[in-house]
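Peer 1: for reference, the sequence and a predicted model appear below.
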Amino acid sequence: MTPEITVLDRLLEVSELFQKDMARAFDGTPLTPSRTRLLWELAATGPSTQHALATRLEVSPRNITGLVDALEAGGYVTRSPHPSDRRAIIVSLAASAHEMMRQMQHDHAELSADLIGAVAPDDREALLRGIEAITERLRELIAADEQRRAEEQRQKAVGE
């Protein structure tokens, strides 16, 4: 008996397809999903400290340093001293990366339009509401699990 394909199965498939598409798009470049996410963040919000980037991307300071090191070596970002905090470093898109990011944003918008175009016009609003609802519910489940794990860790630490 073949198991029924669930919404979760389809969402996982979509995730895998996006990963394959991204890998294909950046094949032959030093860009990884994590590096691309950092570039995307800089394009959206402008220059930022490494600490702020680590917080927004939810990675460790050590991880952000490695990402910025690799992107700087590839000519995608530049580092400069913070104007008022000697300990902080400002990360900015390199001049050569601005056009690449504009093109990436354009491609992103085109793909989004193409994908939503595959859905019947009368169904689009419902689809978008459904995606938002699923996204919000998954955020809630993850937050609850993180809270549960943190509580278990606290109880374990108290018990030791």
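Peer 2: Happy to help now that I have it.
Peer 1: what residue ranges in the protein score low on pLDDT?
Peer 2: 160 (pLDDT under 70).
Peer 1: quick check: beta-bridge partners of Ser80?
Peer 2: Taking DSSP bridges as the rule, Ser80 bridges to Ile90.
Peer 1: which residues of the protein fall in helices?
Peer 2: Assigned by DSSP state H, the chain shows helices spanning 7-25, 33-45, 50-57, 61-73, 95-117, 124-159.
Peer 1: outline the domain layout of this protein.
Peer 2: The record's domain split for the chain, according to automatic domain parsing, is 29-118, 121-160.
Peer 1: out of these, the one nearest Asp21 is which?
Peer 2: Nearest to Asp21, of all those, is domain 29-118, at 8.1 Å by Cβ to Cβ. C-beta here means a position set from N, CA and C on the backbone, and glycine is covered the same way.
Peer 1: and the closest one, end to end?
Peer 2: Counting by Cα to Cα, to the nearest Å, you get 30 Å between the two ends of domain 29-118.
Peer 1: and that domain, how far out from the chain's middle?
Peer 2: 10 Å (Cα atoms, centre = their mean, to the nearest Å).
Peer 1: check the burial of Ala88 by counting its neighbours.
Peer 2: By other Cβ atoms under 10 Å, 14 other residues sit near Ala88.
Peer 1: can you pull the phi/psi pair for the nearest residue to it once chain neighbours are set aside?
Peer 2: Closest residue to Ala88 apart from its sequence neighbours, by Cβ to Cβ, 6 or more residues apart in numbering: His82 at 3.7 Å. Phi and psi for His82, reported as degrees, to the nearest 10, are phi -70, psi 140.
Peer 1: next up, the contacts around His82.
Peer 2: Residues near His82 by Cβ atoms under 8 Å, 6 or more residues apart in numbering: Thr49, Ala88, Ile89, Ile90.
Peer 1: which among these gets closest to Ala70?
Peer 2: Ile89 (15.2 Å).
Peer 1: where's that closest one relative to Leu127, distance?
Peer 2: For Ile89, the distance to Leu127 (Cβ to Cβ, to the nearest Å) stands at 42 Å.
Peer 1: same question, Gln50
Peer 2: For Gln50, the distance to Leu127 - Cβ to Cβ - is 38 Å.
Peer 1: appreciated, that's everything.
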